[in-house]
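In: Prediction below, plus the sequence it came from.
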Amino acid sequence: MSQESKSTSSRPPVRKAVIPVAGFGTRFLPATKATPKEMFPLVDKPLTQYVVEEAVACGIEEIIFITGQAKRAIEDHFDRNIELEYLLDNKGKKKQLEQVMEIADKADFAYVRQKEVLGLGHAILQARHLIGDEPFLVMTPDDIFSGNGPASQALIDAYEETGTPIVGVQEVPKDRVHLYGIVSGEPVRDGLLKMSGIVEKPDPKTALTNLAQCGRYIFIPEIFEHFAKAEPGPGGEIHITVGTNGLISEGPVHAVTIPNQYHDAGSKIGYLQAIVEFALEREDLGDEFKAYLKKRLADEK
């Protein structure tokens, strides 16, 4: 059944999120040799926890991690640690006890192994049997947002408005469009675009827009068939753009601009910038950290 044949009102709510975490994190070697990049901390919480908290804040009830080798730390983090809880309780560290206990209760978690790292599209395909007939949110933990509430809420709102798959986008400088999947289409309203296509890492000279996908998507189950029959691209990977363009060929797909500040925590400079931004936002650290940065910059001069 094509997506055009399903009315907006017939679409069920988005309850599930897929978070692919199977990548090797080679840009952060040697740190990622035995430690998942997704567990790198932003101040005192790992990247993946920020993404899970964002999902839960948008009403997501089930989190499906697509994992791989050496990713057991992610499962352990979102599980109970009775020994640690006992230790904190005995020492009267009630606040820390509440923090570690609430992590496991944020949502229902499931874990699926991606036996080979063959691209984001292939990773999402591994969740097919857990998604069923429901729409689902896809979140890449390299892509972190700050400010303006949970970033994925913009996608949830656009999905409820249109009843179609949604791609989260932000504008990027023209000289950086070759680093992203770039969407094109016709504006529906401010911040919402009906997509005509998406091109993976286009030449800046030929790119139709500077609207880049940024790690947040709402898809429908029809996308799995496009991933399943896709021919691997460069590097043997199945890109997410293959599935998105497949959906566009069958019916409307929209792109919505995410109003939050974006951080590419998959790059070293982006990760460092994210640490600074999140530290400055903290009530318990922000003022002291800002004073340090000002002094540090003054000393440079």
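Out: Structure's in. What do you need?
In: ok now do Gly270, which residues does it touch?
Out: Residues near Gly270 by CB atoms under 8 Å, 6 or more residues apart in numbering: 263-264. Glycine gets a C-beta too; all of them are placed from N, C-alpha and C.
In: how close does it sit to Ile156?
Out: 25 Å (CB to CB, to the nearest Å).
In: what about dumping the CA coordinates of the lowest-mean-pLDDT helix or strand in the chain to PDB?
Out: For the chain, using mean pLDDT, DSSP states H and E, the weakest element among its helices and strands is helix 94-104, scoring a mean of 87. The C-alpha trace of helix 94-104 is given here as PDB (Å, rounded to 0.1, in the frame of the first residue of the first chain):
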ATOM      1  CA  LYS A  94      20.800   9.900  47.600                       C
ATOM      2  CA  LYS A  95      21.000  12.200  44.600                       C
ATOM      3  CA  GLN A  96      23.500  10.000  42.800                       C
ATOM      4  CA  LEU A  97      21.400   7.000  43.600                       C
ATOM      5  CA  GLU A  98      18.400   8.600  42.000                       C
ATOM      6  CA  GLN A  99      20.400   9.500  39.000                       C
ATOM      7  CA  VAL A 100      21.700   6.000  38.300                       C
ATOM      8  CA  MET A 101      18.400   4.300  39.100                       C
ATOM      9  CA  GLU A 102      16.200   6.500  36.800                       C
ATOM     10  CA  ILE A 103      18.300   5.700  33.700                       C
ATOM     11  CA  ALA A 104      17.000   2.200  33.400                       C
END
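In: Which positions within it qualify as buried?
Out: Residues of helix 94-104 classed as buried: 97, 103 (neighbour count, 16 or more other CB atoms under 10 Å).
In: Show me what it packs onto, helices and strands only.
Out: Helix 94-104 sits against helix 82-90, with contacts defined as 3 or more CB pairs under 8 Å, 6 or more residues apart in numbering; DSSP states H and E.
In: The same query, at a cut-off of 10 Å, please.
Out: Counting contacts by 3 or more CB pairs under 10 Å, 6 or more residues apart in numbering; DSSP states H and E, helix 94-104 packs against strand 45-46, helix 47-57, helix 72-77, helix 82-90.
In: for the ones you listed, which one sits closest to Ser152?
Out: helix 47-57 (5.7 Å; CB to CB).
In: if you average pLDDT over the closest one, what comes out?
Out: Averaging pLDDT along helix 47-57 gives 95.
In: which parts of it are buried?
Out: 47-52, 54-56.
In: Equivalent analysis for stretch 126-137, please.
Out: Under the neighbour-count rule (16+ other CB under 10 Å), stretch 126-137 has 126-128, 131, 135-137 buried.
In: Those residues in helices, which ones?
Out: Here DSSP state H is the test, and the buried residues of stretch 126-137 give 128, 131 as lying in helices.
In: mind checking the backbone torsions on the closest residue to Gln213 other than its chain neighbours?
Out: In space, and not counting its chain neighbours, Gln213 is closest to Gly181: 4.4 Å by CB to CB, 6 or more residues apart in numbering. Dihedral angles phi and psi of Gly181 (degrees, to the nearest 10) take the values phi -80, psi 120.
In: Can you tell me who Gly181 pairs with across the strands?
Out: Glu200 (DSSP bridges).
In: Please report how far it lies from Thr241.
Out: On the measure of CB to CB, Gly181 and Thr241 end up 5 Å apart.
In: So what does Ala207 look like in phi/psi?
Out: According to degrees, to the nearest 10, Ala207 has phi -60, psi 130.
In: Give me the pLDDT for the closest residue to it other than its chain neighbours.
Out: Nearest residue to Ala207 in three dimensions, chain neighbours excluded: Val177, at 4.5 Å (CB to CB, 6+ apart). Val177 is assigned 90 on the pLDDT scale.
In: what sits against Val177?
Out: By CB atoms under 10 Å, 6 or more residues apart in numbering, the contact set of Val177 is 171, 199, 201-212.
In: One more: Gln273?
Out: 261, 263-265, 267.
In: Show me the contacts of Val177 that map onto strands.
Out: 171, 199, 211-212 (DSSP state E).
In: Among the residues you listed, find me the one that's closest to Pro30.
Out: Closest to Pro30, out of all of the ones in strands among the contacts of Val177 and judged by CB to CB, is Ala212, at 29.7 Å.
In: picking up where we left off before, turn the buried residues of helix 47-57 into CSV, columns for distance to Pro20.
Out: Below are the buried residues of helix 47-57 laid out as CSV (distance: CB to CB, whole Å):
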residue, distance to Pro20
Leu47, 13
Thr48, 11
Gln49, 16
Tyr50, 16
Val51, 11
Val52, 13
Glu54, 15
Ala55, 13
Val56, 18
